[in-house]
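Participant: following is a predicted model, sequence given first.
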Amino acid sequence: MDLSIVIPAYNEKENIVELYKRLSAVLKQLKKTYEIIFVDDGSSDGTFVELDKISKTDKNVKVIKFRKNFGQTAAWSAGFDSSKGDLIITMDSDLQNDPKDIPKLLKKISEGYDVVSGWRHKRKDKFFKKFFSLFSRFLRKKLIKDQIHDSGCSLKVYKKEAIKELELHGEMHRYIVELLALKGYKIGEVKVKHYPRLKGKTKYNLIRLPKGFLDLILVAFWQRYSARPLHLFGGIGLLSTFFGVLIGIYLVYIKFKFGVAIANRPLLLLCVLFIVLGVQFIIFGIITDILTKIYYSDKKNYSIEKILR
């Protein structure tokens, strides 16, 4: 199969049928074999009823229904696991993405890219959403050196081999491109249209911000220390121990040089604290290093593009 289109949907009854019509019209013009995978993420507004009707009239449509709302990351993951296409396309179900942009993404990925991300260069969202997206973009650029203008755009196309290497948890769907870039996949970007939401309610809220920020920290950590966490925690431990020893040498010096009592000095407690914390960080680093080796024991910590014989 050529294409798999994965679309999570949560309470999008008012948009899902129109999205299907627009998407089907575009896909039929491509003259490629395809499947459309809708993932109903525990909708309570009748979204699944509409999807059920669609699936009964179109053999290219597959519907996955969650027992409850598990979140967008789980929905993407379920769709990816069920996909059979050589190329996997993702998009939102709120009609803010334009299916007519799909040919542009397919053309770009044919130029040798492994992932092509849409760039909503003229976003039609409300001010607060655009503001926090810009702030998120700033953090991404600083913490993980993200070079994509709009990682949050759901309209993307992936090669199958790239998606199959992903393990998604928490809110990590926000950082799929960054996770694949860590593995060495080539990332491209094209400008796409973006429309304001006309029907239904946005699922974006301020509660998601701290979750996204914590996941960003995780990606930044994984980017630098996934193979050897001891380098991070051991480094902090050595630095802490060094300061503790330095303070200790100073205290011993003033004790024997000037006869100053040090037993009741706060610096002595600080010396002990730095040394104890340093040792603990080193031990923690060793433990996390061992756990990392166990984690990778049945996984590959590399990605092969091709093998020549």
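Facilitator: Here it is on my side, so go on. These figures come from a predicted structure and were not determined experimentally.
Participant: contact partners for residue 43?
Facilitator: 9-13, 69 (C-beta atoms under 8 Å, 6 or more residues apart in numbering). Using the backbone N, CA and C atoms, a C-beta is placed for each residue, glycine as well.
Participant: quick check: residue 116 touching residue 105?
Facilitator: Yes - counting by C-beta atoms under 8 Å, residue 116 touches residue 105, with 4.8 Å between them.
Participant: show me whatever sits in contact with both of those two.
Facilitator: With C-beta under 8 Å, 6+ apart, residue 116 and residue 105 have common neighbours 156-157, 190.
Participant: and which of those is nearest to residue 283?
Facilitator: residue 156 (41.7 Å; C-beta to C-beta).
Participant: which strand residues bridge that closest one?
Facilitator: Per DSSP bridges, the residues bridged to residue 156 are residue 90, residue 117.
Participant: pretty sure it sits against residue 177.
Facilitator: Yes - the criterion here is C-beta under 8 Å, and residue 156 meets it with residue 177 at 7.4 Å.
Participant: which neighbours do these two share?
Facilitator: The contact lists of residue 156 and residue 177 share 115, 117, where a contact means C-beta under 8 Å, 6+ apart.
Participant: show me where this structure has strands.
Facilitator: Using DSSP state E, the strands of the chain run over residues 3-9, 34-40, 61-65, 87-90, 115-119, 156-159, 187-191.
Participant: any chance of those strands in JSON lines, with distance to residue 220 too?
Facilitator: Converted to JSON lines, the strands of the chain look like this (distance: least, C-beta to C-beta, whole Å):
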{"stretch": "strand 3-9", "distance to residue 220": "26"}
{"stretch": "strand 34-40", "distance to residue 220": "28"}
{"stretch": "strand 61-65", "distance to residue 220": "32"}
{"stretch": "strand 87-90", "distance to residue 220": "23"}
{"stretch": "strand 115-119", "distance to residue 220": "19"}
{"stretch": "strand 156-159", "distance to residue 220": "21"}
{"stretch": "strand 187-191", "distance to residue 220": "17"}
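Participant: format those as JSON lines; extra columns: mean neighbour count.
Facilitator: Putting the strands of the chain into JSON lines (neighbours: other C-beta atoms under 10 Å) gives the following:
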{"stretch": "strand 3-9", "mean neighbour count": "26"}
{"stretch": "strand 34-40", "mean neighbour count": "24"}
{"stretch": "strand 61-65", "mean neighbour count": "18"}
{"stretch": "strand 87-90", "mean neighbour count": "24"}
{"stretch": "strand 115-119", "mean neighbour count": "25"}
{"stretch": "strand 156-159", "mean neighbour count": "24"}
{"stretch": "strand 187-191", "mean neighbour count": "18"}
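Participant: pretty sure residue 231 sits against residue 225.
Facilitator: Yes - using C-beta under 8 Å, residue 231 is in contact with residue 225, at 5.9 Å.
Participant: what about these two, which has more around it?
Facilitator: residue 225 (18 against 13; other C-beta atoms under 10 Å).
Participant: contacting residues for the more buried one?
Facilitator: Shown in contact with residue 225 (C-beta under 8 Å, 6+ apart): 231-232.
Participant: local confidence estimate at it?
Facilitator: On the pLDDT scale, residue 225 is placed at 75.
Participant: from residue 281, how far out is it?
Facilitator: Here the criterion is C-beta to C-beta, to the nearest Å. By it, residue 225 lies 13 Å from residue 281.
Participant: same check on residue 211?
Facilitator: 27 Å.
Participant: of the two, who's got more company?
Facilitator: residue 281 (21 against 13).
Participant: that one contacts residue 232, doesn't it?
Facilitator: No - under the criterion of C-beta under 8 Å, residue 281 makes no contact with residue 232, lying 9.1 Å away.
Participant: contacts for stretch 139-155 next, please.
Facilitator: 89-92, 97-98, 101-102, 105, 117-121, 133, 136-137, 174-175, 177-178, 187, 189, 192, 194, 213, 216-217, 219-220, 223.
Participant: can I have the buried ones of these as a PyMOL selection?
Facilitator: Buried residues within the contacts of stretch 139-155, by 16 or more other C-beta atoms under 10 Å, are selected in PyMOL with:
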select buried, resi 89+90+91+92+97+98+101+102+105+117+118+119+120+133+136+137+174+175+177+178+187+189+192+194+216+219+220+223
